[in-house]
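Engineer: the sequence isn't on hand, but the structure is:
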């Protein structure tokens, strides 16, 4: 789990916000100035516009075989979501984009989540309430 934390938080001198292209046979995520798009190996994809994001949660499912960590990106109306695995191609670029675009993104909660060994959910960002 510590290896995952080091990988996700490792920053280069000049981080790139350009997402890699989707790769056949691998789960990948891309983001641009309008949306986040998750690409499945079977060719399916789903998108969520930045302005439609209601919350971002780190979900950890620990079992005897492996630890799985996902970014759960939920729409404001809670009708749609993207579950982006930590191992997805482009996931690091997604994290950088969320840190920049989502005001109040909680990096401390991300660190806490990445060091957890239990099945947990950590909310790392929520959209401000609108009246």
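Structural biologist: Sure, I can see it. The structure presented is a predicted model; accordingly, all values stated were derived computationally and were not measured. Numbering: from 1, shown residues only.
Engineer: quickly list what the residue nearest the centre of the chain is bridged to.
Structural biologist: For the chain, the residue nearest the mean C-alpha position is residue 71 (3.6 Å; Cα atoms, centre = their mean). Beta-bridge pairing for residue 71 (DSSP bridges): residue 58, residue 84.
Engineer: what residues sit buried inside the lengthiest helix in the chain?
Structural biologist: Ranked by residue count and defined by DSSP state H, the top helix of the chain is helix 91-101. Buried residues in helix 91-101, defined by neighbour count with 16 or more other Cβ atoms under 10 Å: 91-99, 101. Any C-beta I mention is one placed from the backbone N, CA and C, and that applies to glycine too.
Engineer: one more: stretch 48-66?
Structural biologist: By 16+ other Cβ under 10 Å, the buried positions in stretch 48-66 come out as 48, 50, 52-58, 60.
Engineer: what's next to that stretch, contact-wise?
Structural biologist: For stretch 48-66, the surrounding residues in contact (Cβ atoms under 8 Å, 6 or more residues apart in numbering) are 33-36, 67-78, 80-83, 98, 101-102, 105, 109-110, 113-114, 116-127.
Engineer: let me see the ranges of the strands in the chain.
Structural biologist: 28-31, 35-39, 45-49, 53-62, 67-75, 81-85, 120-126 (DSSP state E).
Engineer: let me know the average pLDDT across the shortest one.
Structural biologist: For strand 28-31, the mean pLDDT works out to 96.
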